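Undergrad: my questions concern the predicted model and sequence given below.
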Amino acid sequence: MIATTLLTFLAGSAAFAQDTQISNVGSRVSYGVEMAFRSGHADRGFIISDRPVIQPVMWLTARRTELSIWSSFTLAETTDGSRPSILEIELTHEFKGGRVTVEPALRAFFYHDPLSPYSTRSIEGWLYLSYNAGPFRLFTNHSLDVLTYRGAYSVDAGIETDGHLSPRVKAGGSVSAGWGSSSFNDAWVGVANAALDRLSADGWVAAYVNPRLYLGPRVDFSTILDRRVRAAAWRPSYVLFGLTVGGEF
């Protein structure tokens, strides 16, 4: 079913590219790999693992379409007695017009806990929108579950920036707020109420060993804002640290 859905998405993206007035040029094929070592893992403001994780990712990009495969492996039992393993496959297509970038995406995820019989999977539709305002970008990211947690919708909106500190060092960061529908919050923490869930911020540095290889630290902060969601969340506030090593070719 997932393969069929991905093929359908590709066909739809091609048809949309023919009809849209948004520029869609560029055919360079590139690929990359990255390995992140982090003090934990969270998704949209909710902690999944409070123990160190290894997170490899690889991607292939051609004609503004990118296929990525990402996974997360928890290295020790968490304080709630689990050891989450996650696999995500995402297909994204980029459309650009002036300062605006539009990226529809389809994501399939698989969650497994080897310490228990629990596992789950689903498919989400994503829409990434951004506006280049010069030294910074305004963005909003939307997700909608279309399978297991059907109707679970979340949206983030914020501001981000990045740039060179020197010819071989880049840095960036963002600040955003996130809202979740009643179905989304019910699926994550059992609170069936729509709410402005979280405030998040992150920062990173990438030092390039050569034009293709880089490494650097990253820090992420998030806190749950809504009182009901906060009371039900495992760790409503967190700071995660990480080190990333990667390359793009």
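TA: Happy to help now that I have it. Values in this document were obtained by computation on a predicted structure and should not be read as measured data. Residues are numbered from 1 along each chain as shown.
Undergrad: every contact and neighbour count from this point should use C-alpha atoms.
TA: Fine.
Undergrad: S183 in helix, strand or coil?
TA: Of the three states, S183 takes helix according to DSSP: H, G, I helix; E, B strand; the rest coil.
Undergrad: need the per-residue pLDDT for the residue nearest to the spatial centre of the chain.
TA: What sits nearest the mean C-alpha location of the chain, by CA atoms, centre = their mean, is D43, with 7.7 Å. The score at D43 is 98. That number is its pLDDT.
Undergrad: for it, which residues make a bridge with it?
TA: F46 (DSSP bridges).
Undergrad: that one and E90, how far apart?
TA: Separation of D43 from E90 (CA to CA, to the nearest Å) stands at 15 Å.
Undergrad: circling back: I'd like to know how far the residue nearest to the centre of the chain sits from F184.
TA: 12 Å.
Undergrad: and what of H142?
TA: 12 Å.
Undergrad: in stretch 176-190, which residues are buried?
TA: By neighbour count on 16 or more other CA atoms under 10 Å, the buried set for stretch 176-190 is 176-186, 188-189.
Undergrad: burial measure for T120, as a count.
TA: Using other CA atoms under 10 Å, T120 is surrounded by 11 other residues.
Undergrad: nearest residue to it other than its sequence neighbours?
TA: Y111 (5.2 Å; CA to CA, 6 or more residues apart in numbering).
Undergrad: also W59?
TA: That would be S68: by CA to CA, 6+ apart, it lies 4.1 Å from W59.
Undergrad: cool, and W126?
TA: Nearest to W126 is S143, by CA to CA, 6+ apart, at 4.4 Å.
Undergrad: contacts only, for that neighbour.
TA: S143 makes contacts with E124, G125, W126, L127, Y153, S154, V155, as judged by CA atoms under 8 Å, 6 or more residues apart in numbering.
Undergrad: direction included, what does the helix or strand in which it is found pair against?
TA: Counting by DSSP states H and E, the element that carries S143 is strand 137-145. On the basis of DSSP bridges, the sheet neighbours of strand 137-145 come out as strand 119-132 (antiparallel), strand 153-166 (antiparallel).
Undergrad: show me what K96 bridges to in the sheet.
TA: S23, T101.
Undergrad: tally up the residues packed near it, please.
TA: Burial measure for K96: 16 neighbouring residues, criterion other CA under 10 Å.
Undergrad: pretty sure it sits against V102.
TA: Yes. Assessed by CA atoms under 8 Å, K96 is found in contact with V102 at 6.4 Å.
Undergrad: just the helices from this protein, written as ranges.
TA: Taking DSSP state H, the helices of the chain run over residues 2-19, 182-189, 227-232.
Undergrad: now do the second one: everything it contacts.
TA: Under the contact criterion CA under 8 Å, 6+ apart, helix 182-189 has outside partners 46, 149-154, 191-195, 229, 232-233.
Undergrad: ok, back up a step: anything in contact with each of H142 and F184?
TA: In contact with both H142 and F184: Y153, S154, using CA under 8 Å, 6+ apart.
Undergrad: ok, the residue nearest to W126 to L165 distance?
TA: In terms of CA to CA, S143 sits 33 Å off from L165.
Undergrad: repeat for Y208
TA: Where L165 is concerned, Y208 sits at a distance of 12 Å (CA to CA).
Undergrad: compare the two (neighbour count), which wins?
TA: Y208 (18 against 13).
Undergrad: would you mind confirming that the more buried one is in contact with T244?
TA: No. Y208 is beyond contact range of T244, at 11.6 Å (criterion: CA under 8 Å).
Undergrad: joint contacts of the two?
TA: Between them, Y208 and T244 share the contacting residues L215, judged by CA under 8 Å, 6+ apart.
Undergrad: returning to what we had before: would you list the buried entries among the contacts of helix 182-189?
TA: Using 16+ other CA under 10 Å, the buried members of the contacts of helix 182-189 are 46, 149, 151-154, 191-195, 229, 233.
Undergrad: lovely, talk soon.
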